[in-house]
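After the sequence you'll find the predicted model.
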Amino acid sequence: EPEVTQTPSHQVTQMGQEVILRCVPISNHLYFYWYRQILGQKVEFLVSFYNNEISEKSEIFDDQFSVERPDGSNFTLKIRSTKLEDSAMYFCASSGDRGYTEAFFGQGTRLTVV
Amino acid sequence: AQSVTQLDSQVPVFEEAPVELRCNYSSSVSVYLFWYVQYPNQGLQLLLKYLSGSTLVKGINGFEAEFNKSQTSFHLRKPSVHISDTAEYFCAVSDRWTSNTGKLIFGQGTTLQVKP
């Protein structure tokens, strides 16, 4: 069964450092998403991406964040200068359409900023 | 703005007992509704979804949910739970009126604890 793959599963970084979280969506999907879940809080939408551009982003997704689909298979989330409050579980998801039928989620990357 | 409320943060229940996990959302102008499950150290897996049609939706692992437009609710039920159902359950809404990108708005999650 096709699945969304995220790497690494856990990353520890120092405050102020740049991190790149990687995702391999399901191969024939067209719509890609990043969500995050701060410990004990809701899963929150960060950004959606379609046709090589951001289609929607939340207030959380400020200039410190960027997304890219560099090679047609990977989908990355970059945080330029991490803050303590960026510590969270980050989920990648992909959908064959606009999520109307089902968004498939990866297992998540736990980011810890120290 | 659309919001989703899961009324119970934790639901303890004995094995083979029925369970209901409650979910309410704020606006039902045009929504799709989902329940996801997260087992320990795993990603989010779709249990079931409501897009249109019959308000009673059946999903995997014996779960079902009922869409109630007047009460803006989408409660998840299972008539007899197993130990293996112990997990975190998330209700989510795709609000087609305010967003055409398929983004999901999640509830806070409910931890289902099935006891032997």
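Thanks, I have the structure now.

alpha carbons only for contacts and neighbour counts from here, please
Noted.

quick one: average confidence on stretch B:49-57?
Mean per-residue pLDDT for stretch B:49-57: 91.

Over to stretch B:99-115?
Per-residue pLDDT over stretch B:99-115 has a mean of 91.

Can you list the buried residues in that stretch?
For stretch B:99-115, burial by neighbour count (16 or more other Cα atoms under 10 Å in any protein chain shown) applies to B:101-114.

Under a three-state scheme, what state does residue B:84 occupy?
helix (DSSP: H, G, I helix; E, B strand; the rest coil).

For it, report the pLDDT, please.
At residue B:84, the pLDDT value in this model is 95.

near chain B, which residues of chain A?
A:33, A:41-45, A:48, A:55-56, A:91, A:98-102, A:104-108 (Cα under 8 Å from any Cα of the partner chain).

Indicate the residue of chain A located nearest to chain B.
residue A:107 (3.6 Å; Cα to the nearest Cα).

what sits against that residue?
Residue A:107 makes contacts with A:4, A:5, A:6, A:9, A:91, B:41, B:42, B:43, B:44, as judged by Cα atoms under 8 Å, 6 or more residues apart in numbering or on different chains.

Over to residue B:7?
For residue B:7, the contact set (Cα under 8 Å, 6+ apart) comprises B:22, B:23, B:24.

Check whether stretch B:48-67 comes near chain A.
Yes - contact of stretch B:48-67 with chain A (Cα under 8 Å from any Cα) involves B:49, B:51.

Stretch B:102-111 too?
Yes - for stretch B:102-111, a contact with chain A is found by Cα under 8 Å from any Cα, at B:102, B:103, B:104, B:105, B:106, B:107, B:108, B:109.

one step back: buried subset of the residues of chain A next to chain B?
For those, buried by 16+ other Cα under 10 Å: A:33, A:42-45, A:48, A:55-56, A:91, A:98-102, A:104-108.

And the helices in chain A?
Ranges of helices within chain A: none, based on DSSP state H.

so who does the residue in chain B positioned nearest to chain A touch?
Closest contact between chain B and chain A, by Cα to the nearest Cα, is at residue B:43 (3.6 Å). Applying Cα under 8 Å, 6+ apart to residue B:43 gives the contacts A:91, A:105, A:106, A:107, A:108.

does the last one really touch residue A:92, like I thought?
Yes - here residue A:108 lies in contact with residue A:92, judged by Cα atoms under 8 Å, at a distance of 6.8 Å.
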